[in-house]
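**Student:** One predicted model, sequence on top.
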Amino acid sequence: MGRDFRVRQAVPDLVLLVWQGVAFGLAFLSTPVAIVAYLALPTVWTVLTLTIESLRGPAEWLDVNQTLNVLMMGAMTADDWPRLAVSLVVWLAVPLACGLWRTARREP
C-alpha cells in the first residue's frame, strides 16, 4: 500500500513536468533548444536563488522545483497551492501560450 501511495503522489508532478516540456518545445520550436532550456533554466534559477539572498523570497513563489517538491511529498497546505499556481503560470502557462501563439502565426 505504501508504494502505491508514493506512485499516486508522483503522478501529478510528472504530468506537470511533461506539460512543462511540451510548453518549452512549443515556445522554442526547436527540440535541442527546448531540451536545454527545460533542464537549464529552472536549475539556473534555483542556483541563483540559493546564492543571492534577495531572491529567496520570490523563489518561494517562482521556483518550480521547490513548489513541485512540496506537491510530490504530499505535504501541500493552503499556503502552498497559490505558490504552485504562480510557479506553474511562469514555467508552464507562459511558455505554452507563447508557443501556441508562435505556432499559430508561423508560415505554413
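**Tutor:** Looks like it arrived, so ask away.
**Student:** tell me the average confidence for the helix or strand containing Gly57?
**Tutor:** For Gly57, the element it lies in under DSSP states H and E is helix 56-62. Rounded to a whole number, the mean pLDDT of helix 56-62 is 93.
**Student:** for that helix, packing partners?
**Tutor:** The criterion is 3 or more Cβ pairs under 8 Å, 6 or more residues apart in numbering; DSSP states H and E, and the helices and strands that helix 56-62 contacts are helix 31-51, helix 64-73, helix 80-88. Yep, even glycine has a C-beta here, placed from its N, CA and C like the rest.
**Student:** Take those helices and write them to CSV, including distance to Arg106 and mean neighbour count.
**Tutor:** As requested, these are exported to CSV (distance: least, Cβ to Cβ, whole Å; neighbours: other Cβ atoms under 10 Å):
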stretch, distance to Arg106, mean neighbour count
helix 31-51, 15, 14
helix 64-73, 27, 18
helix 80-88, 25, 16
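**Student:** so which of those helices gets nearest Leu96?
**Tutor:** Of all the helices and strands packed on helix 56-62, the one in closest proximity to Leu96, counting by Cβ to Cβ, is helix 80-88 (10.0 Å).
**Student:** And Asn69, how far from Leu16?
**Tutor:** As judged by Cβ to Cβ, to the nearest Å, Asn69 and Leu16 stand 12 Å apart.
**Student:** actually Arg56, sorry about that
**Tutor:** As defined by Cβ to Cβ, Arg56 lies at a distance of 23 Å from Leu16.
**Student:** Ile35 now?
**Tutor:** Note on Ile35: its distance to Leu16, by Cβ to Cβ, is 17 Å.
**Student:** just to revisit the earlier point, who has more neighbours out of Arg56 and Leu16?
**Tutor:** Set side by side, Arg56 and Leu16 show unequal neighbour counts under other Cβ atoms under 10 Å, the larger going to Leu16 at 20 against 12.
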